[in-house]
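Undergrad: here is a sequence with its predicted model. Questions after.
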Amino acid sequence: DGWAVGWDGTIIHWNGTEWSTAASPTTKPLYSVFMVNTTDGWAVGIDGTIIRWNGTQWSNVTCPTTNYLESVFMTSASDGWAVGGSGNIIHWNGTEWSSVTSPTKSWLLSISMVSADDGWAVGYDGAIIRWNGKGWVPEFPAIILMPLLISLTLFASTLARTALKKREDQLPSKRTAQTT
């Protein structure tokens, strides 16, 4: 059993043998789908579009934002997240979606949750944020820090060479022994 979503609200379903088109309540592009089980699923897309599968049909759901939603991930039927444009993050509490404070304004492209208390979202400009069970916090990947680490290493290396050179200059000069 599988689902895929796309442009113009397209929804297709794999029943184990073949793909078929499912009726969609929207004509807006959909970017992500997540199935909790065969009777509970979510899809998100442009302009804050959220739709839900109830085992029989897809229906529109009220969204607290009009920003694009790029990715959705559910940890259970009563806990889920969606992310998108301008660092937008929304949370499902089993009853409704609500906006959550984001530590970034970067466009978030994907979210993955390990559990209800641990998850990650990533986006443009190297944005990586983590849910720690209490709030979303920025993470700093090595790739962003790499230029700084290289600069510090080169600076330290230059300082070390300069100090060594000064030390060598202070040592008595070597004389070549001559025999007659």
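TA: Sure thing, it's come through. In this text the structure is predicted, and so the values were computed from the model without any measurement.

Undergrad: who touches Trp136 in this structure?
TA: Applying Cβ atoms under 8 Å, 6 or more residues apart in numbering to Trp136 gives the contacts 89, 100-103, 121, 129-130. Quick note: C-beta positions are derived from backbone N, CA and C, even for glycine.

Undergrad: could you list which of those residues belong to strands?
TA: 89, 100, 121, 129-130 (DSSP state E).

Undergrad: filter these to the buried ones?
TA: Among the ones in strands among the contacts of Trp136, those buried by neighbour count (16 or more other Cβ atoms under 10 Å) are 89, 121, 129.

Undergrad: show me what contacts the first one?
TA: What that stands for is Ile89. Contact analysis of Ile89 by Cβ under 8 Å, 6+ apart lists 81-83, 99-102, 108, 121, 136.

Undergrad: and if you look at the last one?
TA: With contact set as Cβ under 8 Å, 6+ apart, Ile129 has these partners: 102-104, 108, 120-122, 136-139.

Undergrad: show me which of those are buried.
TA: 102, 104, 108, 120-122, 136.

Undergrad: if we can go back for a sec, need the max-distance pair from the ones in strands among the contacts of Trp136.
TA: For the ones in strands among the contacts of Trp136, with distances taken as Cβ to Cβ, the pair at the greatest spread is Val100 and Arg130 (13.2 Å).

Undergrad: from the centroid of the protein, which residue is nearest?
TA: Geometric centre of the chain, nearest residue: Val122, 1.8 Å, by Cα atoms, centre = their mean.

Undergrad: that residue against Arg130, yeah?
TA: No: Val122 lies out of contact with Arg130 (Cβ atoms under 8 Å); the separation is 10.1 Å.

Undergrad: mean confidence score for stretch 2-14?
TA: Average pLDDT, stretch 2-14: 97.

Undergrad: can you list contacts of that stretch?
TA: Contacts to stretch 2-14, defined as Cβ under 8 Å, 6+ apart, come from residues 1, 19-33, 35, 41, 43, 45, 53, 58.

Undergrad: partner residues bridging Thr21?
TA: Judged by DSSP bridges, the bridge partners of Thr21 are Ile12.

Undergrad: low-confidence stretches in this protein?
TA: Scanning the chain for pLDDT under 70 picks out the ranges 141-153, 155-156, 163-180.

Undergrad: for the residue nearest to the centre of the chain, give me its contacts.
TA: By Cβ under 8 Å, 6+ apart, the residues touching Val122 are 108-110, 128-129.
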